[in-house]
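> Give the three-dimensional model of this entry:
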Amino acid sequence: MTTPYDQDIEGLLELYRRQREEAVETRRRINEVTGTATAPRRTVKVTVGAQGDVTAIDFPTGAYHRMAPKELSDVLLATIREARADALEKVAELTSLALPPGVTVAALLRGEVDPAAILPDDPAMPDPVRDYIDNGRPEGAARRP
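Residues are numbered from 1 along each chain as shown. Below is the predicted model of the structure:
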């Protein structure tokens with residue numbers, strides 16, 4: 001026979017499992033984010049990943065041939081910054097969902113957080129609760145009204 005305690009505990013465990021799955025899914029979606037920016041006159045186009053790492057640099061036109069090295073360098077750096085800002089904005093949209101306590105967008109962006117590691121399959125809980133989940137209500141324990 002299922003007691004209200006059993007139902008409460010199962011409900012809490014299900015909530016925990018859903019939150020863990022959502023965190024893992026959010027991390028997966030963040031890893032797929034790219035940001036792109038194109039410099040004026042289509043001199044250079046830059047693509048970055050969610051962590052801001054440059055994944056592609058393209059020169060859509062031959063305009064860069066007519067630029068001084070310092071000018072090209074400045075345009076390239078500015079375009080990388082714009083692409084990073086684009087990626088960060090996209091990640092922020094994904095993470096408007098509630099993150100677990102202690103998890104920051106910055107840590108996710110740097111790849112420092114593994115949701116599966118901070119949210120283990122079995123949540124931490126006091127020994128009596130774990131014993132109850134594993135073995136049921138102890139003999140002689142008072143039933144909840």
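> List the contacts of residue 34.
Taking C-beta atoms under 8 Å, 6 or more residues apart in numbering as the contact definition, residue 34 lies against 47-50, 55, 87, 90. Using the backbone N, CA and C atoms, a C-beta is placed for each residue, glycine as well.
> How about residue 87: what's its closest non-neighbour residue?
Distance criterion C-beta to C-beta, 6 or more residues apart in numbering; nearest residue to residue 87, sequence neighbours excluded, is residue 35 at 2.9 Å.
> can you pull the contacts of residue 123?
Listed by C-beta under 8 Å, 6+ apart, the contact partners of residue 123 are 13, 16.
> those helices in the protein, which residues are they?
Under the criterion DSSP state H, the chain contains helices at 4-31, 69-94, 105-109, 115-118, 127-135.
> Let me know the distance separating the residue nearest to the spatial centre of the chain from residue 133.
The central residue of the chain, meaning the one whose C-alpha is nearest the mean C-alpha position (C-alpha atoms, centre = their mean), is residue 27 at 3.3 Å. From residue 27 over to residue 133 the distance is 27 Å, taken as C-beta to C-beta, to the nearest Å.
> same thing with residue 82?
Residue 82 is 51 Å from residue 133, where distance means C-beta to C-beta.
> what residue ranges in this protein score low on pLDDT?
1, 4, 96-99, 101, 105-106, 108-110, 117, 137-145 (pLDDT under 70).
> let's see 80
Under the criterion of pLDDT under 80, the regions of the chain flagged as low confidence span 1-8, 92-93, 95-111, 114-133, 136-145.
> circling back to that earlier point, skipping its backbone neighbours, what lies nearest the residue nearest to the centre of the chain in space?
Leaving out its chain neighbours, the residue that sits closest to residue 27 by C-beta to C-beta, 6+ apart is residue 115, at 5.1 Å.
> cool, residue 38 as well?
Here the nearest residue to residue 38 in space, its sequence neighbours aside, is residue 45; by C-beta to C-beta, 6+ apart that works out to 4.5 Å.
> Many thanks, have a good one.
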